[in-house]
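Asks: A predicted structure for the sequence below; I have some questions about it.
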Amino acid sequence: MNGEDAMTRGQGQWTRRFRGARGALAVVLTATLLASAGCTPEERPATAASASAAPSPTASLSPHDAVEAMLKAQAEALLRGDEAGYLAPVDKSYTALYGHFRNQFKILRALRISAWQIMMGIPAVYPQGPGAEKHRVQLDVVVSYCFATPTCPPPSRLTSDAAQFTYRPKVSLRGNGYLITGLNQPATDAYSLRPLPWEWDSLVFQDGERVTVAAPPAQAKRLGEVTAAADRAARITDRYAEVAGRQPPPRYVVFLAGNKEWNRWLGGQDAKYAVGYAYQSGKIRSDVVLKMSALGRSNLEPVLRHEFGHVVTSTGSDDRAAGIYNSKQWITEGIAEYIEFAPQGPTASGTMRAVRSHVQRGKWASTIELAPLPESASDEAASVFYGLSHLAISCMASRYGEANMFQWAMNALHGDLNYDEAAEKHFGVGFKTVNTTCTSYIRRTLNL
């Protein structure tokens with residue numbers, strides 16, 4: 001990662017849906033965004049005379065404090081819906097940059113931005129004296145944000161429950177103060193999970209009863225279809241959230257990715273079996289991205305149920321090692337499959353043929369606790385993993401009760417108890433007994 005890249009903080013693990021098995025109010029906001037959007041040091045203003053004068057109330061402050069006050073005032077304008085106030089700190093003579101910030105205002109308002117909190121990094125060196133206005137000073141700013149949430153955790157340089165990221169605007173001296181004159185475009189980076197789906201592209205929006213769906217213009221024709229399917233899926237997952245003792249989100253947010261966005265958003269996707277994923281930001285929210293080229297009307301709602309299942313059951317987990325080795329993936333995917341195919345059960349999922357073949361060939365280690373699925377897995381391997389995970393969760397629900405299964409999983413996923421302690425608490429037996437019971441259940445279900 002080069003020095004111009006911005007880091008995302010507090011991003012959680014991936015959860016993916018594989019492809020191998022199987023009356024809304026429109027709020028359309030089109031935001032045309034130039035790819036360069038005022039981000040390169042080489043860009044120059046349209047005319048020197050058109051540059052805005054910086055606001056003067058901060059003239060008595062140090063440059064660092066003045067810039068911080070300017071950015072906080074911009075955040076306040078964003079939250080109250082004041083577009084002019086939000087754009088006031090941007091040098092309008094940088095036309096692409098100005099367009100980018102106008103675009104961001106519309107997108108963030110469409111996403112129901114409810115918090116935008118900034119924390120300044122190490123104070124930058126601000127040139128003084130003759131010629132100072134010719135310099136652009138690079139800043140390092142951590143932003144924590146929330147959508148449709150009344151309270152939001154504060155930003156942190158270390159760890160935070162907040163959804164947050166670092167962005168790097170540039171400012172220049174203008175008159176008695178400073179204005180924003182540049183912004184680094186985040187590189188496609190799987191480590192820092194950038195760019196976020198909403199932070200750089202043009203998006204159009206449609207609201208449903210329980211969902212907000214966003215799409216690049218090329219996918220806009222599918223907004224109505226996805227919004228209707230997402231509202232139906234939300235009604236199902238809201239019910240399961242209640243069973244699991246979890247709070248559903250104020251609104252589910254879904255981003256529709258064309259192939260270009262799929263390969264770029266949040267670092268891009270390498271898993272060939274994936275057609276969607278839920279990504280966690282901090283510990284308070286998860287949003288969904290769908291690969292539209294792999295989804296038709298027949299599988300759209302099931303995949304949304306699966307991904308919304310992740311949103312309501314996995315959000316809030318604090319397993320920082322999951323990005324390297326997700327030992328609990330069999331639980332998260334098994335629950336999402338359970339929600340997707342209920343009430344039909346595992347035999348409706350289309351994975352059983354691959355699972356039966358896998359077991360018959362002696363490839364299964366006769367345990368429900370599966371190793372995580374690698375990025376390089378084939379469609380068949382994904383079918384086996386998802387199918388066995390689904391069977392394991394369905395066994396627990398069938399043998400010990402659906403509510404108890406969800407409570408066991410919530411304890412196991414969110415770090416309150418280990419598998420054995422959670423089994424004793426909710427099932428009345430140890431996890432070894434659960435494993436024996438469910439391996440037998442799996443063989444019976446497969447008629448083996």
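Replies: Thanks, I have the structure now.
Asks: list the contacts for the residue of the chain most remote from its centre?
Replies: Among residues of the chain, the one most distant from the C-alpha centroid is residue 130; the distance is 45.5 Å, by C-alpha atoms, centre = their mean. Applying C-beta atoms under 8 Å, 6 or more residues apart in numbering to residue 130 gives no contacts. Quick note: C-beta positions are derived from backbone N, CA and C, even for glycine.
Asks: likewise the one 10 residues further on?
Replies: For residue 140, the contact set (C-beta under 8 Å, 6+ apart) comprises 120-122, 124, 166, 168.
Asks: pretty sure the residue farthest from the centre of the chain belongs to a helix, no?
Replies: No - counting by DSSP: H, G, I helix; E, B strand; the rest coil, residue 130 is located in no helix; its state is coil.
Asks: From residue 173, how far off is it?
Replies: 11 Å (C-beta to C-beta, to the nearest Å).
Asks: same question, residue 398
Replies: 69 Å.
Asks: Looking at the two now, which is surrounded by more residues?
Replies: A side-by-side neighbour count of residue 398 and residue 173, using other C-beta atoms under 10 Å, places residue 173 first with 21 against 15.
Asks: The more buried one and residue 131 touch, don't they?
Replies: No - contact criterion C-beta atoms under 8 Å: residue 173 and residue 131 do not qualify, at 9.7 Å.
Asks: Show the residue spans covered by the strands in the stretch 51-200 of the chain.
Replies: Remark: strands assigned in the stretch 51-200 of the chain by DSSP state E, counting those that start in this stretch are 113-120, 137-138, 141-147, 163-167, 169-174, 177-183.
Asks: Residue 66 is nearest to which of the ones you listed?
Replies: With C-beta to C-beta as the measure, strand 177-183 is the member of the strands of the stretch 51-200 of the chain nearest residue 66 (5.7 Å).
Asks: I'd like the next helix or strand past that closest one.
Replies: strand 204-207 (DSSP states H and E).
Asks: Toward the C-terminus, what is the element adjacent to that next one?
Replies: strand 211-215.
Asks: What strands flank that following strand, and is each parallel or antiparallel?
Replies: Sheet pairing here is set by DSSP bridges, and for strand 211-215 it gives strand 204-207 (antiparallel), strand 252-257 (parallel).
Asks: ok, now how distant is residue 235 from residue 256?
Replies: 20 Å.
Asks: Name the residue in the two with the higher neighbour count.
Replies: residue 256 (26 against 13).
Asks: which residues touch the more buried one?
Replies: Taking C-beta under 8 Å, 6+ apart as the test, what residue 256 contacts is 213-216, 219, 222-223, 226, 290, 292.
Asks: Okay, and the beta partners of it?
Replies: Beta-bridge partners, per DSSP bridges, of residue 256: residue 290.
Asks: Out of the contacts of residue 140, the closest to residue 375 would be?
Replies: Nearest to residue 375 among the contacts of residue 140 is residue 166, at 25.8 Å by C-beta to C-beta.
Asks: Backbone torsions only: list them for residue 385.
Replies: phi -60, psi -50 (degrees, to the nearest 10).
Asks: and it, how many neighbours?
Replies: Residues lying near residue 385 (other C-beta under 10 Å) number 27.
Asks: okay, it: pLDDT?
Replies: pLDDT for residue 385: 97.
Asks: In three-state terms, label the nearest residue to residue 316 once chain neighbours are set aside for me.
Replies: With C-beta to C-beta, 6 or more residues apart in numbering as the criterion, residue 316 has its nearest non-adjacent residue at 5.0 Å, and that residue is residue 283. Following three-state DSSP, residue 283 is assigned to coil.
Asks: Noted, bye for now.
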